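Chemist: With the input below, show me the fold.
(one chain, ligands or ions: 1)
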Amino acid sequence: MSDFDSDEFRRVLGSFPTGVVVVTAANPAGEAVAMTVGSFVSVSLEPPLVAFLPQKTSSSWAALRASGTRFGVNILGNTQEDVCRAVAKRKTDKLEGFDWSLSAHGNPRLADAIAFIDCETQDVFDGGDHDIVVGRVKALETLRSHLPLLFFRGGYGSFRPGSMAMGTGISSARVAQLDRIRPHMERLANDLSTEITAMCMVDEDMVTVAAAGTDRRSARNHRVGRHVPFMPPIGGVFAAFGGPETEALWMSRIHDDADDAARRNFERGLEAVRESGYAFGIGHETGSAIEIASASGGLEPTGEHRRRLSAAINAASAHFNTAQVERAGEYEFHSATAPVFDRDGACVFSLTVWGPDGLSRGTDVLAVFDKLTRTAESCTSELRALAS
Ligand SMILES: Cc1cc2nc3c(=O)[nH]c(=O)nc-3n(C[C@H](O)[C@H](O)[C@H](O)COP(=O)(O)O)c2cc1C
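Modeler: Predicted coordinates:
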């Protein structure tokens, strides 16, 4: 006898958040069978094993089992609540209306899944009113850079990563450095009540690798993991402090549509960044246009999304590093960015503070510049002390 009932069991266990997968197989008639599963888990690396736990009475599990000894695991992204619900509810034609194709091992693979795993059933163990299905991994791939769909206390959501090392392409040495500068980012975020982000250069793009605190804009769209093209006028800190090759790369990325005035702004802006030790953007409309274009293309925008993002960045040519911030003035303060150097003097991160809505007084903006550069200097001292 237990001193709790099944409702309480469900309620308490529902406090454990899970990812969501759709387990699929093709039956002998070539039709897709599928089941929505939250109990998926990675089991063993050597040999490579995964598992999921279907209810013994589930008709979806019966159909998967009857289809043979292969199954596919589609890890759902946060854009896929519809397929999650449809597969959980429907009795037949589970994937009807969703884009899928057969994997190399003959299992249905959803086009929008964030990752896919082909498996061979290795064992089915008894687990009370559920079975414990262990699958041997035959093939696996990451498909999309979207964040995952999560299930928690009966509701769906996603998560906002505070920092994201995997998938952003940064080395483990860089992750260790990030660990050291995080407390400084947290302190500044608390002090200024906004979001502080850290960026790295990865494969000639800028990638946001960590964030602390929140601001109005990031509350709607997470920034961590996002790639942005390294091109004028943004990324001035890496261009100014990243060495001649990085500067040359930046200048070579000037948008085709940039006119002579824009080119002069970039050159002057770069000098200003070098002199002051920070880059900054003024103007909410142009800043938001970049944010919106950047958020709409997934974490790594390609093709048309990337072209639109480049155009939005180019349109901001007069808004970065060009204004003279006066104490008595008022400004639409969008962002400010300062460099962090490693013990060899290489610019490894840039720290960005995101400005508030509306107008800020010049004195306040100058105070933010000051606090940001001091925080970036503390981060540099931190990295100097870090054994390589
Ligand atoms: C987010 C989510 C996670 C689920 N996880 C599991 C699971 O791990 N095991 C299971 O047996 N059923 C799970 N279900 C329920 C099945 O997807 C499905 O709704 C149930 O098996 C319906 O019964 P049927 O298979 O007889 O149609 C989950 C449903 C949802 C929406």
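Chemist: what's the weakest-modelled helix or strand in the protein?
Modeler: Least confident helix or strand of the chain, by mean pLDDT, DSSP states H and E, is helix 216-220 with a mean of 65.
Chemist: Please work out the average pLDDT along the next helix or strand after it.
Modeler: Counting by DSSP states H and E, the element after helix 216-220 in chain order, helix or strand, is strand 227-229. Across strand 227-229, pLDDT averages out at 90.
Chemist: now strand 227-229: how far from the chain's centre is it?
Modeler: 12 Å (CA atoms, centre = their mean, to the nearest Å).
Chemist: cool, and stretch 380-388?
Modeler: 27 Å.
Chemist: if I look at residue 63, how far off is the ligand?
Modeler: 8 Å (CB to the nearest ligand atom, to the nearest Å). Yep, even glycine has a C-beta here, placed from its N, CA and C like the rest.
Chemist: Tell me if that residue really is in a helix.
Modeler: Yes - under DSSP: H, G, I helix; E, B strand; the rest coil, residue 63 sits within a helix.
Chemist: Next, the contact list for residue 15, please.
Modeler: For residue 15, the contact set (CB atoms under 8 Å, 6 or more residues apart in numbering) comprises 152, 153.
Chemist: And what about it, helix, strand or coil?
Modeler: Relying on three-state DSSP, one would call residue 15 coil.
Chemist: Now do it against the ligand, distance only.
Modeler: For residue 15, the distance to the ligand - CB to the nearest ligand atom - is 15 Å.
Chemist: Residue 212 now?
Modeler: Distance from residue 212 to the ligand, by CB to the nearest ligand atom: 31 Å.
Chemist: do residue 126 as well
Modeler: On the measure of CB to the nearest ligand atom, residue 126 and the ligand end up 14 Å apart.
Chemist: Is there a neighbour count for that residue? I'd like the number.
Modeler: Using other CB atoms under 10 Å, residue 126 has 9 neighbouring residues.
Chemist: The residue in the stretch 101-250 of the chain positioned nearest to the ligand - how many residues pack around it?
Modeler: Of all residues in the stretch 101-250 of the chain, residue 151 sits closest to the ligand, at 4.2 Å by CB to the nearest ligand atom. Neighbour count for residue 151, taken as other CB under 10 Å: 19.
Chemist: if I look at it, how far off is residue 54?
Modeler: 16 Å (CB to CB, to the nearest Å).
Chemist: and the residue nearest to the spatial centre of the chain, backbone torsions?
Modeler: Centrality entry for the chain: nearest residue to the mean C-alpha point is residue 225, 3.2 Å, by CA atoms, centre = their mean. Backbone torsions for residue 225, taken as degrees, to the nearest 10, come to phi 90, psi -10.
Chemist: Verify the stated contact: it with residue 162.
Modeler: No - using CB atoms under 8 Å, residue 225 is not in contact with residue 162; the gap is 11.2 Å.
Chemist: Now do the SS call for the residue of the stretch 251-388 of the chain found nearest the ligand.
Modeler: Closest contact between the stretch 251-388 of the chain and the ligand, by CB to the nearest ligand atom, is at residue 298 (23.0 Å). Following three-state DSSP, residue 298 is assigned to coil.
Chemist: Could you count how many residues lie near it?
Modeler: 18.
Chemist: Contacts only, for residue 140.
Modeler: Here residue 140 is in contact with 115, 116, 117, 118 (CB under 8 Å, 6+ apart).
Chemist: Could you measure from it over to residue 128?
Modeler: In terms of CB to CB, residue 140 sits 29 Å off from residue 128.
Chemist: In contact with residue 321, which residues are there?
Modeler: Here residue 321 is in contact with 233, 236, 265, 268, 269, 270, 272, 273, 279, 280 (CB under 8 Å, 6+ apart).
Chemist: Would you confirm that the fifth one contacts residue 318?
Modeler: Okay, so that is residue 269. No - Residue 269 is not in contact with residue 318 according to CB under 8 Å; the separation is 9.6 Å.
Chemist: more crowded one of the two?
Modeler: residue 269 (23 against 16).
Chemist: For that one, report the pLDDT, please.
Modeler: pLDDT, residue 269: 95.
Chemist: So which bits of the helix or strand hosting it are buried?
Modeler: In the assignment (DSSP H and E), residue 269 maps to helix 260-276. By neighbour count on 16 or more other CB atoms under 10 Å, the buried set for helix 260-276 is 262, 265, 266, 269, 270, 272, 273, 276.
Chemist: How about stretch 200-213?
Modeler: Applying 16+ other CB under 10 Å to stretch 200-213 flags 200, 201, 202, 205, 206, 207, 208, 209, 210, 211, 212, 213 as buried.
Chemist: Adding pLDDT, write those out as a markdown table.
Modeler: Formatted as a markdown table, these follow (pLDDT from 0 to 100):
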| residue | pLDDT |
| --- | --- |
| 200 | 94 |
| 201 | 94 |
| 202 | 90 |
| 205 | 91 |
| 206 | 94 |
| 207 | 91 |
| 208 | 91 |
| 209 | 90 |
| 210 | 90 |
| 211 | 89 |
| 212 | 90 |
| 213 | 89 |
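Chemist: Show me how the record splits this structure into domains.
Modeler: 6-157, 163-387 (automatic domain parsing).
Chemist: ranking the ones you listed by burial, who's on top?
Modeler: Comparing the domains of the chain by mean neighbour count (mean count of other CB atoms under 10 Å), domain 163-387 comes out on top with a mean of 18.
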